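# dropping a prediction and its sequence here:
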Amino acid sequence: MNGANPPLLMVHGWGGSHQDTWQRSGVEQLVNDAGTTVIGVDLLGHGTSDKPHDPAEYADLSAPIRNAIGARTTSVDAVGFSLGAIALLDAAIHNPKYFRRLMLVGVGDRLIEPHDPTETARIVSGIDGTAKPDDILARQFGNYAKSPNNDPLALRAALLRPRKSPPTQEDLKKINAKVILAVGDRDFVLPADRLAQSFNDCKLVILKNCDHFASTENFGFIDTLLEFFCAP
């Protein structure tokens, strides 16, 4: 047991939920067994949260995270996958003192570049059933949107949300947390070197033989997470 560590806030990716991503996989149990308390968050449009169909409702992506942290006077640790990592970063920019340690999974340099609406349109086509027959990635996203307990129209709206300007170097340098950026060596978000170099204290971990969708169940990811957050 290591009661000296703060709670670990865990945030799923797009199309996931706390239950599907962290509980069903057993990762939350491993964290608990190591003596660390978990704070689970379902982003808007996902899991147990409300599922509006208006993209404007998703403009404040990190609101559920900030609400979960509440008025705490001490920092927490946090891990987020894909959309969850984007939301965590937004929360950290809102308040650079929120987090002691941050693990961002499945995001890369495009996070600090202007949004490309053609990429969003590509994923939306997978949900709408209009993706090109050979566009495997779009179809994968479409399949996730239509998984049991998901609301495809809510997930579509989350993708079409109003986008903020990308975080600046100044924004990221203000974040006090120690950061690990973990990305699979087969993840479409690569490269991630510029993002890693934008933080004051960041280690880039490349997960071997791992694509985007397998990141949170990758043994290298799980080992890195437990060592980073739960070690004495």
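Now that the structure is in, tell me what you want to look at. Residues are numbered from 1 along each chain as shown.

# ok, then the element right after the host helix or strand of Ala158?
Using DSSP states H and E, Ala158 sits in helix 152-159. Downstream of helix 152-159, the next assigned helix or strand under DSSP H and E is helix 169-173.

# list the contacts of the residue nearest to Asp90 when sequence neighbours are not counted.
Counting by CB to CB, 6 or more residues apart in numbering, the nearest residue to Asp90 once its immediate chain neighbours are dropped is Ser62, at 3.9 Å. All C-beta atoms are positioned from the backbone trio N, CA, C, and that covers glycine. Taking CB atoms under 8 Å, 6 or more residues apart in numbering, we find Ser62 in contact with 87-88, 90-91, 94.

# now Ser62: how far from Thr118?
Separation of Ser62 from Thr118 (CB to CB, to the nearest Å): 25 Å.

# tell me which stretches of this structure form helices.
In the chain, the helices defined using DSSP state H lie at 18, 27-33, 63-69, 83-94, 117-128, 136-145, 152-159, 169-173, 193-197, 219-230.

# can I get those helices in CSV with distance to Asn209, mean neighbour count and mean pLDDT?
What follows is those, written out as CSV (distance: least, CB to CB, whole Å; neighbours: other CB atoms under 10 Å; pLDDT from 0 to 100):
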stretch, distance to Asn209, mean neighbour count, mean pLDDT
helix 18, 26, 23, 97
helix 27-33, 19, 16, 97
helix 63-69, 31, 18, 96
helix 83-94, 21, 23, 97
helix 117-128, 24, 16, 95
helix 136-145, 18, 18, 93
helix 152-159, 28, 20, 97
helix 169-173, 29, 14, 94
helix 193-197, 20, 17, 97
helix 219-230, 9, 18, 97
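
# can you tell which of those is closest to Lys208?
helix 219-230 (6.1 Å; CB to CB).

# which strands and helices lie in contact with that closest one?
Here helix 219-230 touches helix 27-33, strand 76-81, strand 99-105, strand 178-184, strand 202-207, going by 3 or more CB pairs under 8 Å, 6 or more residues apart in numbering; DSSP states H and E.

# deepest of those, which one?
Of these, the one with the most neighbours on average (mean count of other CB atoms under 10 Å) is strand 76-81, at a mean of 26.

# and for the helix holding Ala158, what's in contact with it?
Residues outside helix 152-159 that contact it (CB under 8 Å, 6+ apart) are 14-15, 43-46, 51-55, 57-58, 83, 120, 123-124, 127-128, 144-146.

# let's see that with 10 Å instead.
With contacts defined as CB atoms under 10 Å, 6 or more residues apart in numbering, helix 152-159 is touched by 14-15, 43-46, 49-58, 61, 83, 119-121, 123-124, 126-128, 141-142, 144-147, 151.

# do stretch 112-122 as well
Under the criterion CB under 10 Å, 6+ apart, residues 89, 110, 124, 128, 130-132, 135, 137-138, 141, 156, 159-161, 163-169, 171-172, 188, 194-195, 198 lie in contact with stretch 112-122.

# quick one: end-to-end length of it, please.
20 Å (CA to CA, to the nearest Å).
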